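# Below are the sequence and a predicted model; questions follow.
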Amino acid sequence: MRRPLLLFVLLTIACGLAWIWIKPSDLCLKLESRSREVALVLPAEAADRKTSGAVLHALAELNATEHRATLRDQLSRLAVSSSNRVAIGFIPGKPADFSPDAAEVSTGGKPIPGLARVQLSGVPHGYLLVHANPATGLLETAARRRWLGRALLEAGAKAETATIAVGESDDGAFLVATIAFAYRTGEEAEAALQRLTEKQGDYEALGFAARPGTDRITRQTKLLVIRFDIETDLVLQALPHR
């Protein structure tokens, strides 16, 4: 009887670990619950990345116009920050809620889905995570600043949330970023994927979620994930003008 019982226990543990991987726990940060977008910055990773200065400077575009200079000053100090992570909550029309210690809370605060943390760990040397709920505000800024092309904006138009993870390749030659659109249904996610691939015509350029055969995964997860690999020099030249 001991062997079947032991096998049952092992299977239970395995299933539990699989569930944690598939459905990781949310991260609730001590930020204003009214925040429409939440950014999580890892200063230790950002300090060694060629693109981090330009990317964090652009991040302030999510803030109200009159408060962007203050936020950019705060972000510029992250290179010498000793914090493990810094959280920023963007409230429409208000100054950003800047939290240098990114404390977690059990209630209140602002949650970040667990899958967003998995997304950040999926880019090399990830130093920035931005989660928008609803996605509309982030997409409006992306359209205004020309961060994303029209096809991507159209693909995300029906998304409930959008999450961007930013990192950099080992040799610093490329900025690596993924954007994940979460939809209400798997059908909406698959339809967005189909529209995007029809317009783009290049599966490899759209990242792993847009390759042939992954429409089933997109439907099951209700997520459309696109990966970008952009030359560092191009980021440094173009991003400040966008």
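Everything's here; your move.
# CA only for contacts and neighbour counts going forward, please
Fine.
# how near is the residue nearest to Lys50 when sequence neighbours are not counted to Thr178?
Leaving aside its chain neighbours, Lys50 sits nearest to Gly172 (6.5 Å; criterion: CA to CA, 6 or more residues apart in numbering). Distance, Gly172 to Thr178, using CA to CA, to the nearest Å: 17 Å.
# Which one's more surrounded, these two?
Each of Gly172 and Thr178 has its neighbours counted (other CA atoms under 10 Å); Thr178 has more, 22 against 17.
# give the contact list for the more buried one.
Contacts were defined as CA atoms under 8 Å, 6 or more residues apart in numbering; by that measure Thr178 touches 119, 123, 164-166, 225-228.
# do Ala162 as well
By CA under 8 Å, 6+ apart, the residues touching Ala162 are 131-135, 138, 156, 179-182.
# hmm, try it at 10 Å
Going by CA atoms under 10 Å, 6 or more residues apart in numbering, Ala162 touches 37, 116, 130-139, 156, 179-183, 223-225.
# Return the members of those classed as buried.
37, 116, 130-133, 135-139, 156, 179-183, 223-225 (16 or more other CA atoms under 10 Å).
# does Phe228 really touch Leu175, like I thought?
Yes. With contact defined as CA atoms under 10 Å, Phe228 counts as touching Leu175 (7.8 Å).
# Overlap in contacts, those two.
Joint contacts of Phe228 and Leu175 (CA under 10 Å, 6+ apart) are Val166.
# Pick out whichever of these two has more residues nearby.
A count of neighbours by other CA under 10 Å puts Leu175 above the other of Phe228 and Leu175, at 28 against 16.
# pLDDT below threshold where in this protein?
Applying pLDDT under 70 to the chain picks out residues 1-23, 79-82, 199-217, 241-242.
# ranges for the helices of it?
Per DSSP state H, the chain carries helices over the ranges 2-22, 43-46, 52-59, 68-76, 114-121, 136-144, 150-155, 186-200, 215-221, 232-238.
# OK, contacts around the residue nearest in space to the middle of the chain?
Nearest to the geometric centre of the chain sits Ile164, at 2.5 Å (CA atoms, centre = their mean). Neighbouring residues of Ile164 by CA under 10 Å, 6+ apart: 39, 116, 119-120, 128-132, 138, 177-181, 225-227.
# which residue packs closest to it, ignoring adjacent ones?
Nearest to Ile164 is Ile179, by CA to CA, 6+ apart, at 4.4 Å.
# gap between the residue nearest to Lys50 and Pro111?
Counting by CA to CA - Gly172 and Pro111 are separated by 31 Å.
# next one: Arg77
25 Å.
# Between those two, which has more neighbouring residues?
Taking neighbours as other CA under 10 Å, Arg77 and Pro111 compare with Pro111 leading, 20 against 11.
# Who does that one form a beta bridge with?
Cys28 (DSSP bridges).
# How about the contacts made by it?
So Pro111 contacts 26-31, 33, 38, 104-105, 131, 133 (CA under 10 Å, 6+ apart).
# Okay, and which of those map to strands?
With strands defined by DSSP state E, the entries of the contacts of Pro111 inside them are 27-29, 38, 131.
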